[in-house]
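>>> Pasting the sequence and the predicted coordinates here, then a few questions.
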Amino acid sequence: MSSNSFGKLLTVTTFGESHGPAIGCVIDGCPPGLALAAEDFRHDLERRATGRSRHTSQRRESDEVEILSGVYEGRTTGTPIALLVRNTDPRSKDYGDIAQTFRPGHADYTYWHKYGIRDPRGGGRSSARETTMRVAAGVVAKKWLAERHGVRVRGHLAQLGELTPDGFDWEAVEQNPFFWPHAAQVPALEQYMDGLRKSGDSVGARVDVVAEGVPPGWGEPVYGKLDGELAAALMSINAVKGVEIGDGFAAVAQRGSQHRDELQMDGFTSNHAGGILGGISTGQPVTASVAFKPTSSILIPGRSVNLAGEAVEVVTKGRHDPCVGIRATPIVEAMVALVLMDHALRHRAQCGDVGEVAPRIA
Ligand code: EPS
């Protein structure tokens, strides 16, 4: 299977299946000298992990990262950083029935047609388990971006099914299992999710992300646009069906006089562009919004066919997320951080001698 790698100067390759012995990644191109230890990965992997609230999959993985290479005496050496996470809690018997059929809305059918063989256990390579390694790689990018450029990437849930935030506070985001920015609504979200879980159904979600501190100049016209590569990276996350940069699709109904972000020496007057013009960062916050579809592994019976082409009814048992978007915030942050770090390195490689040019808007 090809296309398990992305990035140009910072490349990330992930490998592994949900019920195989381990999952892992190789991060190549990280500059030397970055302090890195196994403990650095704990916080973000914990934020993404299953089994941390009743509203996500109850599979219990320890998600302990082993650093296999690329770090000597606590610092990156510039050689490939290989990370490994062992799978400790697969329950493959849940997938006995699915091996003979295709879950409606799942990649079961397309993998079968592409490869003529598939590992049905836990969804194999198509499982959201793979996102563990994106988050692990993202930890390296977040750390490098923060230390070298003061860039901070953070996200939050911006919609859960029909529910949208009634208020906004970054402080609230890390204090509830939904990454929801308004604490007062959390009991309502819990009730909503409890009802959904009892009904055996699933629901979609939206995650918003912002990268602050990105300097002007990152991104490459024409085919390496920063927004284009962010969109591709975000669309590559399991279950993502839509990505907007800045105002995104709302721009369709806007006037030019409304959409443009006017320039003043003390700052742009607005940020409809999402911090990117011509595929290059403006120095404003880079903003994106990501739509996650409802999980396809649900208890509501659905029509499908089996390997013999006979009509069957599919019910997916097991430990599935009723809303995969709930724990997607760290994954979205990781993908944004990895794209930004790649572009920071690419900008340094080609334009490092240009330096800062005037006028520079605050
Ligand atoms: C997943 C199905 C569940 C989730 C898994 C993603 O796996 P299993 O059926 O083996 O319990 O637990 O998520 C993770 C293990 C993880 O770490 O994110 C799926 O079908 O995508």
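Yep, it's here.

>>> Pretty sure residue 101 sits against residue 316.
No. Using Cβ atoms under 8 Å, residue 101 is not in contact with residue 316, being 10.1 Å away. No exception for glycine: its C-beta is placed from N, CA and C like everyone else's.

>>> Which residue, other than its chain neighbours, is closest to residue 349?
Sequence neighbours aside, residue 9 is the residue nearest to residue 349 in space, at 6.4 Å (criterion: Cβ to Cβ, 6 or more residues apart in numbering).

>>> For burial, what's the neighbour tally of that neighbour?
Residue crowding around residue 9 was assessed by other Cβ atoms under 10 Å; the count is 17.

>>> again, but for residue 360
Residue 360 is surrounded by 10 other residues when neighbours are defined as other Cβ under 10 Å.

>>> Isn't it up against residue 215?
No. The pair residue 360 and residue 215 does not pass the contact test of Cβ under 8 Å, sitting 9.1 Å apart.

>>> Residue 101 and residue 316: who's more crowded?
residue 316 (22 against 19).

>>> In this structure that one contacts residue 103, no?
Yes. Contact between residue 316 and residue 103 holds when scored by Cβ under 8 Å: they sit 5.7 Å apart.

>>> Which neighbours do these two have in common?
Between them, residue 316 and residue 103 share the neighbouring residues 296, 297, with contact defined by Cβ atoms under 8 Å, 6 or more residues apart in numbering.

>>> in the helix of greatest length in the chain, what's buried?
If each helix of the chain is counted by residues according to DSSP state H, the longest one is helix 329-351. Buried residues in helix 329-351, defined by neighbour count with 16 or more other Cβ atoms under 10 Å: 329-347.

>>> that older thread, which neighbours do residue 360 and residue 215 have in common?
In terms of Cβ under 8 Å, 6+ apart, residue 360 and residue 215 are both contacted by the residues residue 283.

>>> Quick one: end-to-end distance for stretch 98-109.
Distances were taken as Cα to Cα, to the nearest Å; on that basis the terminal residues of stretch 98-109 are 11 Å apart.

>>> For it, which outside residues touch it?
Here stretch 98-109 makes contact (Cβ under 8 Å, 6+ apart) with 112, 118, 120, 123, 126, 293-294, 296-297, 302-307, 312, 314, 316.

>>> Next step: the residues you listed restricted to helices.
Using DSSP H, the members of the contacts of stretch 98-109 that fall in helices are residue 112.

>>> Buried members of the contacts of stretch 98-109 into PyMOL, please.
For anyone working in PyMOL, the buried entries among these, judged by 16+ other Cβ under 10 Å, can be selected with:
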select buried, resi 118+120+123+126+293+294+296+297+304+312+314+316
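
>>> ok, and which of the contacts of stretch 98-109 reach the ligand?
Contacts with the ligand within those, as defined by Cβ under 6 Å from any ligand atom: 123, 297.

>>> From the contacts of stretch 98-109, which land in strands?
Judged by DSSP state E, the contacts of stretch 98-109 include 302, 303, 304, 305, 312, 314 as members of strands.

>>> Would you reformat those as JSON lines and include pLDDT?
What follows is the ones in strands among the contacts of stretch 98-109, written out as JSON lines (pLDDT from 0 to 100):
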{"residue": "302", "pLDDT": "98"}
{"residue": "303", "pLDDT": "98"}
{"residue": "304", "pLDDT": "98"}
{"residue": "305", "pLDDT": "98"}
{"residue": "312", "pLDDT": "98"}
{"residue": "314", "pLDDT": "96"}
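
>>> I appreciate the help and will end here.
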